[in-house]
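Engineer: build the 3D model from these lines:
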Amino acid sequence: GESCVELASTPGTIHVRDSKTLEGPRLALAPGAWTHFVAFASGS
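Structural biologist: Alright, predicted model coming up:
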């Protein structure tokens, strides 16, 4: 199936979840970890 990623940003945490599975797993990442993940995922 297709996943839809939903992000919520607070000053110290980036919250990530699959918006089609609201009761599913959620991630809480430090901003630096999110930045590294995005760079990795984009191949930068």
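
Engineer: what's the distance between A8 and R26?
Structural biologist: According to C-beta to C-beta, to the nearest Å, A8 stands 10 Å off from R26. Backbone N, C-alpha and C define where each C-beta goes, glycine included.

Engineer: tell me, what's touching the two both at once?
Structural biologist: H15 (C-beta atoms under 8 Å, 6 or more residues apart in numbering).

Engineer: quick one, phi psi at the residue nearest to the spatial centre of the chain?
Structural biologist: The chain has V16 as the residue nearest its centroid, 3.3 Å off, counting by C-alpha atoms, centre = their mean. Backbone dihedrals for V16, given as degrees, to the nearest 10, come out at phi -130, psi 140.

Engineer: what of F40?
Structural biologist: phi -60, psi -50.

Engineer: repeat for W34
Structural biologist: When read as degrees, to the nearest 10, the backbone of W34 gives phi -60, psi -40.

Engineer: go on, R17?
Structural biologist: Here R17 shows phi and psi, under degrees, to the nearest 10, equal to phi -150, psi 170.

Engineer: picking that back up, pLDDT wise, what is the residue nearest to the centre of the chain at?
Structural biologist: Here the pLDDT value assigned to V16 is 93.

Engineer: am I right that it is in contact with P25?
Structural biologist: No. Here V16 does not reach P25: they are 9.4 Å apart, not a contact under C-beta atoms under 8 Å.

Engineer: can you measure across stretch 18-33, start residue to end residue?
Structural biologist: Using C-alpha to C-alpha, to the nearest Å, one end of stretch 18-33 lies 18 Å from the other.
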